[in-house]
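Asks: Sharing a sequence plus its predicted fold:
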Amino acid sequence: MVGGAVRDRLLGLPVQDRDWVVVGATPEAMLAAGYTAVGKDFPVFLHPKTHEEYALARTERKTARGYHGFEFRTAPDVTLEQDLQRRDLTINAIAEDETGRLVDPYGGVQDLQAKVLRHVSDAFVEDPVRILRLARFAARFVDFSVAAETLMLMRHMVEQGEVDALVPERVWQELSRGLMEARPSRMFEVLRSCGALVRILPEVDRLWGVPQRAEYHPEVDTGMHLMMVLDMSARLQANLPTRFACLCHDLGKGTTPEELLPRHLGHEARSVDLLRELCQRLRVPNDCRELAEVVAREHGNIHRSGDMRAAALVRLLERCDGLRKPSRFADALLACECDARGRLGLEHDAYAPRPRLLRVLQAVQSVPTAELAEAAVARGLKGPQIAQVIHQARVEAVATLMGEAQELGGGS
Ligand SMILES: Nc1ccn([C@@H]2O[C@H](COP(=O)(O)OP(=O)(O)OP(=O)(O)O)[C@@H](O)[C@H]2O)c(=O)n1
């Protein structure tokens, strides 16, 4: 057994998938033993009963830049130690045999104890995805540090242009997984410290050093704010689209004209433009992009919605398409809560717009649209007039809700 399963068992974490390495075998022998071949890129087989993955021990050699530039060798004489040597991190290069004996030629157990993410060998450079993987592991194992020599090696790889050759799908795959970890900020900090962030996400990298108004943002720095927002999204167990929306909500602050700073007039619209480009480049899935657009465009309005009257609240809801997409609207509100609480000293503040706007949504949902439309038709009204009748009924429902809330004590 190798890789994540051994690592997680030693860390006392639940083991998800078990991967196995087979030494001394050939593909023919595996097939004869009843295994099914599944590997597209490498000789990997599924166990006939457990369906766990069994890979033939292999060595790898880089032949060209990027993800596909690989050549590998499997043969019955490739040893377990050789197979472990071509792996990314020492903590992922421990093997365990069927009796529970560990094979750990590269000090993985020691690094687990010392909580260090360290590359196994120079073979690390052969796969630039490993930079992203390491950053993602830093976001998961929040008390692990990156070995100085590994950071140096990653810097060197970035300087050599390795990160530029990564295919968008792989970048997104790792970024999205890292966003879902316990402390996403650590992924971005690692990527930033080795110089990879500016290559992969220049519009994010640019936010460090950009000031914001201290009365709203006690942490001042936009990059720091962004990291706090992302970690808040993890703390509040937000889903991927919400975390991605958090990542993109303030991109426009990176292109605010110098003379406006620390104010960021119009940053919402600039964020939308920048995130569209980013999504196209990395082939980000539509659900992530669509939520990110809503949040980037409307987060300021949602924060200020406490001052809005019923008509403005209904317009806000309609702009967010909240009636047709109520769960996306709820995600947008959660992203806004992360934004509000991802500020120095404000982490524990209640965020009133979220429950309030959820109640507004409910009130609007309770308006009997079909009946109103039917009645309006019967009165001889036409398209835009019918829409106006419905809009008006929604505004009244929200006004009633707000009146009630005030009577109940303060319009929270
Ligand atoms: N670019 C990569 C991908 C994988 N591996 C090796 O293959 C193993 C299995 O990879 P994978 O299943 O992707 O990751 P896990 O380490 O199991 O981590 P996770 O818990 O995120 O699945 C890793 O442990 C590592 O030894 C590697 O060296 N380089």
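Replies: It's in. Given the structure is predicted, the values throughout are model-derived calculations rather than measurements.
Asks: quick one: the spatially most central residue of the chain from the ligand, how far?
Replies: Centroid-nearest residue in the chain, with C-alpha atoms, centre = their mean: Leu179, separated by 2.7 Å. Between Leu179 and the ligand the computed distance is 13 Å (C-beta to the nearest ligand atom, to the nearest Å). The way it works is simple: take the backbone N, C-alpha and C, and place the C-beta from them, glycine included.
Asks: from here on, count from 55
Replies: Noted, 55 is the first residue going forward, which turns the last one into Leu233.
Asks: list the contacts for that residue?
Replies: 241, 284, 294, 297-298, 301 (C-beta atoms under 8 Å, 6 or more residues apart in numbering).
Asks: would you turn those residues into JSON lines with pLDDT and neighbour count?
Replies: What follows is those, written out as JSON lines (pLDDT from 0 to 100; neighbours: other C-beta atoms under 10 Å):
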{"residue": "Met241", "pLDDT": "98", "neighbour count": "26"}
{"residue": "Leu284", "pLDDT": "98", "neighbour count": "26"}
{"residue": "Leu294", "pLDDT": "98", "neighbour count": "17"}
{"residue": "Arg297", "pLDDT": "98", "neighbour count": "29"}
{"residue": "Phe298", "pLDDT": "98", "neighbour count": "30"}
{"residue": "Leu301", "pLDDT": "98", "neighbour count": "26"}
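Asks: For the stretch 155-304 of the chain, which segments are assigned as helices?
Replies: Here the stretch 155-304 of the chain has its helices, by DSSP state H, counting those that start in this stretch, at 162-168, 183-194, 202-213, 222-233, 238-247, 251-254, 256-259, 276-289, 294-302.
Asks: from those helices, which stretch is densest packed?
Replies: helix 294-302 (a mean of 27; mean count of other C-beta atoms under 10 Å).
Asks: now that one, how far from the centre of its chain.
Replies: Its chain's C-alpha centre and that of helix 294-302 lie 7 Å apart, by C-alpha atoms, centre = their mean, to the nearest Å.
Asks: pLDDT of stretch 366-384, averaged?
Replies: On average, the pLDDT along stretch 366-384 is 97.
Asks: That one: which residues count as buried?
Replies: With burial defined by 16 or more other C-beta atoms under 10 Å, the residues of stretch 366-384 counted as buried are 367-368, 370-371, 374, 376-377, 380, 382-384.
Asks: Out of those, flag the one nearest to Asp197.
Replies: When those are ranked by distance to Asp197 (C-beta to C-beta), Ala384 comes first, at 32.6 Å.
Asks: Wait, a helix at that closest one?
Replies: Yes. When DSSP: H, G, I helix; E, B strand; the rest coil is applied, Ala384 is found to be in a helix.
Asks: Just the endpoints, please. Distance across stretch 424-443?
Replies: 11 Å (C-alpha to C-alpha, to the nearest Å).
Asks: circling back to that earlier point, can you list the helices of the stretch 155-304 of the chain in TSV and add distance to Arg61?
Replies: Below are the helices of the stretch 155-304 of the chain laid out as TSV (distance: least, C-beta to C-beta, whole Å):
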stretch	distance to Arg61
helix 162-168	7
helix 183-194	9
helix 202-213	16
helix 222-233	16
helix 238-247	18
helix 251-254	26
helix 256-259	29
helix 276-289	21
helix 294-302	24
